[in-house]
Structure formats: C-alpha cells, structure tokens
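**Student:** with the input below, show me the fold.
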Amino acid sequence: MRRVRQLFAVLSILLVLPSLPAAASSTTQVPLCKRPPHGRVACFAIRVDTRSGGRVRHAAGPIGLTPANLRSAYSLPTTRGSGRTVAIVDAYDDPSAERDLAVYRSQFKLPVCSTANGCFRKVDQSGGAHAPAPDPGWAQEISLDLDMASAVCPRCHLLLVEASSSAQANLATAVDTAARLGAVAISNSYGGSDTSDSTWGRHYHHAGVAVTASSGDNGYGVSYPASSRWVTAVGGTSLRPAKTGRGWHETAWSGSGSGCSGSNTAPYQSTSTTQCAHRAVADVAAVADPATGVAVYDSFSFEGTGGWLTFGGTSVASPIIAAVFALAGNTAAVADGSYVWKHHAGGLNDVTSGSNGSCSTARWCTARRGWDGPTGWGTPKGVGAF
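**Tutor:** Below is the predicted model of the structure:
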C-alpha cells in the first residue's frame, strides 16, 4: 500500500509540471557552391535545411514539388521524348549518381533509367570513364539536375558529363563532349562573371542542340554562360498552387539573375523589347525559389545532409527547360538562343509580377507583361514554344 501511495505522489507531481517545449526548429537556405575565383564558376543550387536542436533534420520522404506537380504546372505531356538524350554538365564526381537517381525514379514511379538498360550514362569531360574527384556540393547539384530532367522527361535518356573541376575551360570541354555523344539538349546549372563569347562561345554553339544555362541566384546581374548568344538563358520563379484555371500562381523569384550583358550581343533579340543594345537575360524561366522548392534524393555528402532534400535556385530551372526542349522534339531547328524568341507566342505562361532588385531599366529586374529580365517570355505552357 505504501508503494501505491508513493506512485500516486510521483504521478501527481508529473501532472502539475509544465510540458517541455519542443526543440525549436528553423529553416535556412544553403548555397552549395561558393562564389568562384577568376576563371571558375559556381553551381546555382540552393539547399533548404530544417534544423532542430542545432542539427539538420532529415526528411523520411520527399518534401517539395514532385514530377506530377511540375508536369501539372507546365502542362507537359508524359509520353514524349523516348530515346532523346538530355545531357547534364557539372563539375567533379557524384559517386552515387546512378544509385540516387534510381531511388528518385522509383519513388515517383518513373521508368527505370540505368546503365544496364542503356538509359543512363556517366562520362568524364572527354567522354571517358576516369571520374574526377568527388565534391559534396556539386554531387548534390548533379542529383538535382538528373532528378529534374527525369521529372520533366521520364522517357528521355540521361547523359551525365563530369568536368574535372569548376574551371570554365573544363566545363566548356564537357559541353562539347555532351554534344558529340548525341545529346539533343544540354543543361548547364552554373555560371561565373559576364564573359565575352569570343573566349568560350564556340563551346556552347552546337547547331541542332538546345543548350540551356541558369541565369544565377544573386538577383539582378548577368552571369556567363547565360549571357552567351548561343544558349537559352533560364531565369527563376516562385511557383505555388492556386485556385485558378491553371491551378498554379507564378511570380518572378527575387534571386533570379537578369540584365543586359556588357560583353555579348544577340541579333535575334529586339532592342525595342529589351531596351538593351547587347544580349539581354533571361529568355524563359521555371521554378527556382527555394521557398517553393523541389524534392530531390541525394545520398552522397560529407555534411550529413544525404537523403531526401529540398532544393531551389536557377539550377532547378535549367534542367527543366532542357528536358522540355527534348520533349518537344524540335531541337534540329535550334541554332542558338533564338528559338523561344521566335516561337514564344501562346506557348508560355507570362509571369507579370515580382522583382529581383533595382536597376536603371525597370524591365531588366521587374516582371511585366511580355518580356522581362527575371522571367524572360515566361514559363512553359506545354511544349509549343520549344
């Protein structure tokens, strides 16, 4: 009886104690690549970390936009692209690229894409099998790019070309290799300072191949290779579900790179439209805001952040647009960055609100009807503009 009274006494004390608060959680956006030194580029992926008790909290499953979400938002078909190759060009090695890709595709019931069935291929910058040194940041960039190309064109083949380093020279060589190995679209989710096409442009000029490049994550300002006349420059948006006919609401993302190049020209652009005497960025856009990010699977990391992750950045947008080009199947007619300029009418969602900073010419940094810097002519509405 005495023990029973003691037990009730303990329970009474516990009942009047205040409940302990749950460990505070916070969300941070982590750029994967640092600002590059001269002659090098940075990847444009931003990881969203949720921290609890000072540690990164891992998700048990996907958190972020899924393949079904992206296909819904951009009215994309699911049965096109068979046999066409989308190339992903990045720096350094992701040793778990194929294994992680398999997890992502299995999760969303996408067709198997492996070395064994001929759908997936990984090569070094010269097309060989000598993988460069691994890098945790670029490895996550690679997973992001492969997953986005898979989400948009699940029947496409995937070619991963890994440059030896983030030097512009090595990445340019990797782009040449991707074209030589038969890619119809090549995604480049990286950039450095605005540079003249007279230096690197020939590497991004491949007739019959749609070459896309992220416009950058630092708001108003131009980066290369997005400023090349030979590429389709891809800006970024915020994408949220909405009770509208489309089912989605899209605005310019504040981080989307844009502006007027001081180094390059683009004869196919109308100066009266862009108010830029040189090459204006961007041409088109897709989701990039980390706050409306995409789900990605990556298991290779030295930072303890492997598994299901959420990403943003214009690194999301570039492979999406490259895969849309592959879906459309018209890349034989692509000669430079002009295709969307010639075919945008009726085939894009015009993004008319949002800004990425302040600038001397409003349309370079503020979304508006028609062309603007942060979102170009808009985001995919089917494949008609591609």
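**Student:** can you list the weak-confidence ranges in the stretch 51-200 of the chain?
**Tutor:** Residues of the stretch 51-200 of the chain that meet the criterion pLDDT under 70 lie in 53-54, 56.
**Student:** that one: strands as residue ranges?
**Tutor:** Taking DSSP state E, counting those that start in this stretch as the criterion, the stretch 51-200 of the chain carries its strands at 55-56, 85-91, 120-124, 157-163, 185-188, 190-193.
**Student:** closest one to residue 138 among those?
**Tutor:** Among these, the nearest to residue 138 by Cβ to Cβ is strand 85-91 (5.1 Å). Using the backbone N, CA and C atoms, a C-beta is placed for each residue, glycine as well.
**Student:** just say which of the strands of the stretch 51-200 of the chain is most tucked in.
**Tutor:** Counting by mean count of other Cβ atoms under 10 Å, strand 185-188 has the highest mean neighbour count of the strands of the stretch 51-200 of the chain, with a mean of 31.
**Student:** now it, how far from the centre of its chain.
**Tutor:** 11 Å (Cα atoms, centre = their mean, to the nearest Å).
**Student:** again with stretch 264-273
**Tutor:** When C-alpha coordinates are averaged (Cα atoms, centre = their mean), stretch 264-273 and its chain have centres 25 Å apart.
**Student:** picking up where we left off before, could the strands of the stretch 51-200 of the chain go into TSV alongside distance to residue 375?
**Tutor:** Formatted as TSV, the strands of the stretch 51-200 of the chain follow (distance: least, Cβ to Cβ, whole Å):
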stretch	distance to residue 375
strand 55-56	32
strand 85-91	22
strand 120-124	32
strand 157-163	27
strand 185-188	18
strand 190-193	17
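**Student:** among the ones you listed, which is nearest residue 29?
**Tutor:** strand 55-56 (12.9 Å).
**Student:** show the subsequent helix or strand relative to the longest strand along the chain.
**Tutor:** When the chain is parsed with DSSP state E, its longest strand is strand 232-241. Next along the chain after strand 232-241, taking DSSP states H and E as the criterion, comes strand 248-252.
**Student:** partners of that following strand in the sheet?
**Tutor:** Here strand 248-252 is paired, per DSSP bridges, with strand 232-241 (antiparallel).
**Student:** alpha carbons only: can I get the strand it pairs with in PDB?
**Tutor:** Taking C-alpha atoms only, strand 232-241 is exported to PDB below (Å, rounded to 0.1, in the frame of the first residue of the first chain):
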ATOM      1  CA  THR A 232      18.800  29.700 -73.800                       C
ATOM      2  CA  ALA A 233      19.200  31.700 -70.600                       C
ATOM      3  CA  VAL A 234      16.800  30.400 -67.900                       C
ATOM      4  CA  GLY A 235      15.600  32.600 -65.100                       C
ATOM      5  CA  GLY A 236      13.600  31.600 -62.000                       C
ATOM      6  CA  THR A 237      10.100  31.900 -60.500                       C
ATOM      7  CA  SER A 238       8.200  31.200 -57.300                       C
ATOM      8  CA  LEU A 239       5.500  28.600 -58.000                       C
ATOM      9  CA  ARG A 240       2.600  27.900 -55.700                       C
ATOM     10  CA  PRO A 241      -0.800  26.000 -56.000                       C
END
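**Student:** on the three-state scheme, the spatially most central residue of the chain is what?
**Tutor:** A centroid search over the chain (Cα atoms, centre = their mean) returns residue 316, at 1.5 Å, as the residue closest to the centre. The local conformation at residue 316, judged by DSSP: H, G, I helix; E, B strand; the rest coil, is helix.
**Student:** residues touching it, list them.
**Tutor:** Residues counted as contacts of residue 316 (Cβ atoms under 8 Å, 6 or more residues apart in numbering) are 45, 144, 148, 236, 286, 287, 288, 293, 294.
**Student:** how many residues are close by the last one?
**Tutor:** Looking back up the chat, that one is residue 294. By the measure other Cβ atoms under 10 Å, the count of residues near residue 294 is 28.
**Student:** for stretch 31-41, buried residues please.
**Tutor:** Neighbour-count burial for stretch 31-41 flags 31, 32, 33, 36, 40, 41 (criterion: 16 or more other Cβ atoms under 10 Å).
**Student:** what's the answer for stretch 264-271, then?
**Tutor:** Under 16+ other Cβ under 10 Å, the buried positions of stretch 264-271 are 264, 266, 268, 269.
**Student:** ok, so of those, who is nearest residue 383?
**Tutor:** residue 268 (20.2 Å).
**Student:** not counting its neighbours along the chain, what's nearest the closest one?
**Tutor:** Distances taken as Cβ to Cβ, 6 or more residues apart in numbering place residue 338 nearest to residue 268, at 3.5 Å, with adjacent residues excluded.
**Student:** same thing with residue 78?
**Tutor:** Nearest to residue 78 is residue 71, by Cβ to Cβ, 6+ apart, at 6.5 Å.
**Student:** residue contacts, that neighbour?
**Tutor:** Going by Cβ under 8 Å, 6+ apart, residue 71 touches 78, 151, 152.
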